[in-house]
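Enquirer: A structural model of the following input is requested.
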Amino acid sequence: MKNSQKPLSIQQAVITTLAGIIKIELYSKQVPVTITNFIRYIEAGTFNTGRFYRVVRLDNDNGLPKIEVIQGSTNIEFKDFAAIPL
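Expert: Here you go, the predicted model:
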């Protein structure tokens, strides 16, 4: 996964998989602590060699409210960073 710079408060992360590339937008203005933490883990290589194991789409979600989510895991031990003060 690579972090690429984008203008304003939106950044983009690129996830490269065997099935292709996934681009996600990171809204640092709206959720700065979450995005800062996520970028720290990207830069530390935490998600390298990770695997996706669950995908929930609107058409296969039986719960309320409806959600869309991809869940995955890492295969390596990673550094646990200190909490970011709010």
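
Enquirer: where does the chain dip in pLDDT?
Expert: For the chain, applying pLDDT under 70 flags the ranges 1-9, 75-76, 78-79.

Enquirer: how about the helices in it?
Expert: 32-43 (DSSP state H).

Enquirer: distance of the residue nearest the centre of it relative to residue 25?
Expert: In the chain, the centroid-proximal residue (Cα atoms, centre = their mean) is residue 38; its distance is 6.6 Å. Separation of residue 38 from residue 25 (Cβ to Cβ, to the nearest Å): 12 Å. Where you see a C-beta, it was placed from the backbone N, CA and C, and this is true even at glycine.

Enquirer: next: residue 55.
Expert: From residue 55 to residue 25 the distance is 19 Å (Cβ to Cβ).

Enquirer: equivalent analysis for residue 58, please.
Expert: Applying Cβ to Cβ to residue 58 and residue 25 gives a distance of 19 Å.

Enquirer: quick one: contacts for the residue nearest to the centre of the chain?
Expert: Contact partners of residue 38, counting by Cβ atoms under 8 Å, 6 or more residues apart in numbering, are 13, 26.

Enquirer: now with 10 Å, please.
Expert: 1, 3, 11, 13, 24, 26, 28, 31, 46-47 (Cβ atoms under 10 Å, 6 or more residues apart in numbering).

Enquirer: the residue of the chain most remote from its centre and residue 56: what is the separation?
Expert: Relative to the centre of the chain, and counting by Cα atoms, centre = their mean, the farthest-placed residue is residue 62 at 23.6 Å. From residue 62 across to residue 56, the span is 10 Å (Cβ to Cβ).

Enquirer: what's the answer for residue 15, then?
Expert: As judged by Cβ to Cβ, residue 15 and residue 56 stand 17 Å apart.

Enquirer: next: residue 74.
Expert: Residue 74 is 20 Å from residue 56, by Cβ to Cβ.

Enquirer: how about residue 33?
Expert: Residue 33 is 25 Å from residue 56, by Cβ to Cβ.

Enquirer: which of the two has more neighbours?
Expert: Using other Cβ atoms under 10 Å, the more surrounded residue of residue 33 and residue 56 is residue 56, with 15 against 12.
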